[in-house]
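K.L.:
build the 3D model from these lines:
(3 chains)
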Amino acid sequence: MTNEARTPWVRLAKRDAMDPRKAWAIRLGSILIALLLGMIPVFITGNNPIAAYGTIIKGALGRPIYIKQTVKIAIPLLGCALAIAPCFKMRFWNIGAEGQITAGAIAASYFALYWYQKVPSTLLLLIMFVSAAVAGGIWGLIPAFFKAKWNTNETLFTLMMNYIIIGIVAWLQGGPWEGRKGSQIIPMFDQSARLPEVFGVHIGWIIVLVMVVLMHIYMNFTKHGYEIAVIGDSENTARYAGMNVGRIMMRTMFLSGAISGIVGFIVVSGANHTLYRGVANGVGFTSITVAWLSQLNSFAMIVISMILAILTKGASKLQTELKVPMSISSIVTGILLFCMLSSEFFINYQLIFRQKKSEEVCR
Amino acid sequence: MSSLIALLVASVTFGTVLMYGTLGEILTEKSGNLNLGVEGIMYMGGAFGLAGAFTYEKAVGVAASNGFVAIVIAVVTAFAAGAIASLIYGFITITLRANQNVTGLALTIFGTGVGQFTGEFMRVREGGYVALSNHLKGAFTFQIFPSFLRDIPVIGRILFSHNAFFYIAIALAVAMHFFFQKTKTGMYLRSVGESPSTADAAGINITKYKYLATIIGGGISAIGGMVYITTTAGCVWNHEGLSGVGWLAVALVIFCMWRPLNAIWGSILFGALMIMYLRVRVAFIPTEIYKILPYIVTVVVLVFSSMRNNKEKQPPASLGVNYFREER
Amino acid sequence: MKRFTVMLVIMLMTVGMVFAQGSKETASAPASGSTIKVGLLCIGDENDQGYSYNFIQGQKEATAKLAAEGINVEWVTKYNIGEDSTCRDANIEAAEEGCKIIFNNSYGFEPFMLEVAKDYPDVDFVACTNCVSAFDDLPNTFNAFANIYEGRYVAGVAAGMKINQLIEQGKIKPEGAVIGYVGAYSFAEVVSGFTAYYLGAKSVCPSVTMKVTFVGSWSDATAEADAAKALADQGCVIISQHSDNTTPATAAQAAGVFHTGYNADMTGVAPAASIISTRIDWSVYFTEFIKAYVAGEKLGQDWCKGMDDNAVIMTKLNTAIAAPGTEAKINQVMADIAAGKIQVFDTSTFTVKGKVLTHAFARDTNGDFAADTDEAVFDGAFHESYFQSAPYFAEQIDGITWLNAAY
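P.N.:
Take a look at the predicted model:
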């Protein structure tokens, strides 16, 4: 009897492992639900939600140039999600990608602005690439060092690092790197410091796709990847196994920061051709959700980042055509994230309802 | 001296905004929930608070509108917006056990979108700008103390020259302090944040505490957004106005070491750092560097507190970690 | 898993194709009669009650004026565009949607606009308030501005008269005649504006001095309010501004000082403080440009008009608080400016480091951002907006203190 009183009518249990196909079906279902919920704000503005989604798709993929723009939005999201993946796998909550992108962008911009006459284009781009990776890596390494040494809370530390580096860009904009006096605008890069284009989109897309493959291999088939996974499961297990957790943490964060830094390079050299404080533009935050929703799976990230890019790009069409505020894309993105986060619950847990009394007695 | 007083008085305006954001987040984090959605919550609070007062004024007409009623409506709508936003966060992290960092960021994206959408939608509907009348604007910034108190030299301006929101925030901070330190419920809440499994074993309803702290905390943070729009931004919706305020509040929580009383002076200090470049000029510090001081200070505090490993000055032990009874 | 990914991509693309083909975009329909599609990209929206609001007012007036002449304008308006690559995207979208003319309303838009302009030679791109388009080698890029310094000079006269009244009433001493100015950046457009304002005030009140604070943003409601408050705290009795929001006006009113505005009539938000505002009437330019386009002509690549063409106007004087006689005085000054009797930057009225200004270049031609061509000082005055529409007066004249020059 006491037993019955203590057992709630429903309880949870962790599922062992769901059939991946079924799991992705649930995720797909959650995307559909999110798109349905996302219709509500459109409806409030007095527009036909279905037409609105039509406009979004039209605005994002309706013309070759729109597709190119959409892809351009997806590139940094995807690249940065790749950077997030190893940290989150390790349960190191790096929310400082925003700052690491910016750090990379600063380093790349320095060479773009001051070295373009000294070296040929290819070499210049290579220098920008490497320096951006190093700068981003160092910016990521700092919080990892303190985490490894004194167990300083990395979530809050990486968060603060974002605003520090963004402030530094603001200073550069109005100070040493300023173009026309008082304008707060850093001049546009010379042609030689800009990424070449393939199929009408800067080659950043090739770089990130290569990184997708490399990251997949790194995470699944290398010793490093294995170590990261072990630490993610249990830091103590890793210690008992003789791993130097602090060192692995710092190494992984350097790698993560470096990838974010490369994204920063791609953004300034490929898309913006100049540097300004909003260079990361929230990508560092959004990409965290991309990485997490993809289950840290490199290939799934391609899809998720494309979906978010389509929403962002399509929404601007929505604004001019139906006078629905552009911010609708953030709302739908938010709802999408909520639904997908929730869906994980149904994949990882099962609800066990209290069985009938008779059975319980039998048991 | 007088310029110092002027700086202090000016810092309070923005400081009050931060204080609400911070106090709300402290309450949330005490339950072990790291809600990174404060930015979004404050956006929603700002938009809905303004929308509430604006709709009220339109409904009854400018002449008939009552400042007090408008304030109450703005507070209630802002609180409700924040509470609903936090309820979403709470449901996904507490009941559905999703990752707190990711859910918080999702809430920031969502809330910023909802806030901007609401502000912009009102503009489109009105066919112009959305602003409160001067009458109500005056009510929101009304100095509640009589002039003879305000005119006391030095102390008068420092202590008595602010609007009601400031004093309410102080009262809230003090009340929260007593709540955490002196009441049973408060101590239970702290134990939920420190060690949920112990609390659970002691028979404390973890879920209930976490939900209530998150929802009420979110509501309080949202009031900060409303106070921003109605006091410092002049009762006009401002598309980018609130950007960064919520993150500053998150930083401030760390700076205050999760203590409500510290939030009082901490937020005024942060408020001062944000506007100091307009008043105190040091030749070798560029203006933009002034603006990142709050974050640098926060990092330093964070690092030192972790180095000293003082148990009193640490984040709640289970911060950011969901509680699974089954994994106990 | 991989199969799923592939499937989803294919699905999305199919959906995209269907929508793309199913609905021909309205933009590609040929413009019938004299309907013309025009883009307007704004850095903010009407909620600022200032800069972008002013453009939207101009847009509305221009639409009405053109409609009266049988030209229908279909606007594609985009709000809250950043001064970053989103601006490039917005320009591309507007061009793709069939806009024949695209107005960019913020200074920082120009570099991104210019990159798009290359790809759409049939579309005219206009960068308002900037200065590169007029002189580059693209025939389809334009600059436009108005002599706003004339309006500021007039507003300065109104402010000076108010200060005189305060001195006469014994409320302040002559040496307490300090004007506070909230500027966005230490940028020629801003410097030129506050110098003109100061010279206007000085023309009626010789003892006046001025303090300028730069907030470091075109639009930051909080910082603008704080800056105004800080200036009032430092003894300024009149506040003026070159920033996008109305918060300096409200802050001035709260601090019990007076104010003159920019972009919009601010007497509504601060009836006890705001005396008058000056603004650019963009409808003049919009109307001219669109009319010329429809007629198959092209305006010059650099457009600049002033008070004599009503491109710069004063808002209604707040007679309840303005000093007596202000109305008559400013009407006189406006007439004199229009007639060329008053030169705003008359070099006999100010000094730079104690000396009369005898030399200053107007334009930069070698790309190092320092002016090196076109002598602007001649015939006893600095000629603002003469060689190019965008202001280029950047001297620090005596009597004006820059409180923070970091921007």
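K.L.:
secondary structure element for the residue nearest to residue C:299 when sequence neighbours are not counted?
P.N.:
Nearest non-adjacent residue to residue C:299, counting by CB to CB, 6 or more residues apart in numbering or on different chains: residue C:292, 5.1 Å away. C-betas here are computed from N, CA, C, even on glycine. Per DSSP states H and E, residue C:292 falls inside helix C:282-294.
K.L.:
separation between the residue nearest to residue C:299 and chain A?
P.N.:
25 Å (CB to the nearest CB, to the nearest Å).
K.L.:
that residue: neighbour count?
P.N.:
14 (other CB atoms under 10 Å in any protein chain shown).
K.L.:
which parts of chain C sit against chain B?
P.N.:
C:44-49, C:53, C:79-80, C:213, C:215-216, C:219-223, C:225-227, C:229-230, C:233-234, C:245-247, C:250, C:254, C:268-271, C:403-404, C:406-407 (CB under 8 Å from any CB of the partner chain).
K.L.:
for the stretch 251-363 of chain A, same thing?
P.N.:
Contacts of the stretch 251-363 of chain A with chain B, taken as CB under 8 Å from any CB, map to A:282, A:285-286, A:288-289, A:292, A:323, A:325-335, A:337-338, A:341-342, A:344-345, A:348-349.
K.L.:
from the residues you listed, which ones fall inside helices?
P.N.:
A:285-286, A:288-289, A:292, A:328-335, A:337-338, A:341-342, A:344-345, A:348 (DSSP state H).
K.L.:
tell me which residue of the stretch 1-150 of chain B lies closest to chain C.
P.N.:
residue B:6 (3.9 Å; CB to the nearest CB).
K.L.:
all helices for the stretch 1-150 of chain A, in order.
P.N.:
A:2-6, A:20-37, A:39-44, A:49-61, A:64-89, A:97-114, A:121-150 (DSSP state H, counting those that start in this stretch).
K.L.:
likewise for the stretch 201-350 of chain A?
P.N.:
Going by DSSP H, counting those that start in this stretch, the stretch 201-350 of chain A shows helices at A:204-221, A:223-233, A:235-240, A:245-266, A:283-293, A:298-322, A:328-348.
K.L.:
likewise chain B?
P.N.:
Under DSSP H, chain B gives helices at B:2-30, B:38-60, B:67-90, B:100-126, B:134-140, B:147-150, B:155-160, B:164-182, B:184-194, B:196-201, B:206-227, B:245-255, B:260-275, B:287-308.
K.L.:
from chain C, how far off is the most centrally placed residue in chain A?
P.N.:
Most central in chain A under CA atoms, centre = their mean is residue A:287, positioned 1.4 Å from the mean C-alpha point. Look at residue A:287 and chain C: by CB to the nearest CB, they are 17 Å apart.
K.L.:
show me the residues of chain C next to chain B that map onto strands.
P.N.:
Using DSSP state E, the subset of these located in strands is residue C:213.
K.L.:
show me which of the residues of chain C next to chain B are buried.
P.N.:
For the residues of chain C next to chain B, a burial check counting by 16 or more other CB atoms under 10 Å in any protein chain shown picks out C:44-49, C:53, C:79-80, C:213, C:215-216, C:219-223, C:225-227, C:229-230, C:233-234, C:245-247, C:250, C:254, C:269-270, C:403-404, C:406-407.
K.L.:
chain B contacts on the stretch 1-150 of chain A?
P.N.:
So the stretch 1-150 of chain A meets chain B at A:12, A:13, A:14, A:41, A:44, A:45, A:93, A:95, A:146, A:150 (CB under 8 Å from any CB).
K.L.:
returning to what we had before: same list, the helices of chain B, but as a markdown table with mean neighbour count please.
P.N.:
Below are those laid out as a markdown table (neighbours: other CB atoms under 10 Å in any protein chain shown):
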| stretch | mean neighbour count |
| --- | --- |
| helix B:2-30 | 25 |
| helix B:38-60 | 27 |
| helix B:67-90 | 23 |
| helix B:100-126 | 25 |
| helix B:134-140 | 20 |
| helix B:147-150 | 12 |
| helix B:155-160 | 15 |
| helix B:164-182 | 17 |
| helix B:184-194 | 18 |
| helix B:196-201 | 17 |
| helix B:206-227 | 26 |
| helix B:245-255 | 25 |
| helix B:260-275 | 23 |
| helix B:287-308 | 19 |
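K.L.:
for residue 244, phi and psi?
P.N.:
Reading this off chain A. phi -90, psi 90 (degrees, to the nearest 10).
K.L.:
hmm, I had chain C in mind actually
P.N.:
phi -90, psi -10.
K.L.:
please apply the same query to residue C:400.
P.N.:
According to degrees, to the nearest 10, residue C:400 has phi -110, psi 120.
K.L.:
can you map out the helices along the stretch 251-400 of chain C?
P.N.:
Secondary structure of the stretch 251-400 of chain C by DSSP H, counting those that start in this stretch: the helices cover C:282-294, C:326-339.
K.L.:
so what does the shortest one touch, helix or strand wise?
P.N.:
Same thing as helix C:282-294. When contacts are defined as 3 or more CB pairs under 8 Å, 6 or more residues apart in numbering or on different chains; DSSP states H and E, helix C:282-294 sits against strand C:35-41, helix C:51-68, strand C:101-104, strand C:124-128, strand C:141-146, strand C:302-305.
K.L.:
check which helices and strands the fourth one sits against.
P.N.:
Counting contacts by 3+ CB pairs under 8 Å, 6+ apart, the secondary-structure elements packed against strand C:124-128 are strand C:101-104, helix C:110-117, strand C:141-146, helix C:282-294.
K.L.:
how much space between residue A:278 and residue A:188?
P.N.:
Per CB to CB, to the nearest Å, residue A:278 is found 16 Å from residue A:188.
K.L.:
re the thing from before, ranking the helices of the stretch 201-350 of chain A by burial, who's on top?
P.N.:
Stretch with highest mean neighbour count among these: helix A:283-293 (a mean of 28; mean count of other CB atoms under 10 Å in any protein chain shown).
K.L.:
show residues contacting that one.
P.N.:
Helix A:283-293 is contacted by residues A:27, A:76-85, A:88, A:95-101, A:162, A:260, A:263, A:267, A:300-301, A:304-305, A:308, A:333, A:337, A:340-341, B:99, B:101-102, B:105-106, B:108-109 when judged by CB atoms under 8 Å, 6 or more residues apart in numbering or on different chains.
K.L.:
of these, which are in range of chain C?
P.N.:
With CB under 8 Å from any CB as the criterion, the contacts of helix A:283-293 include residue A:300 near chain C.
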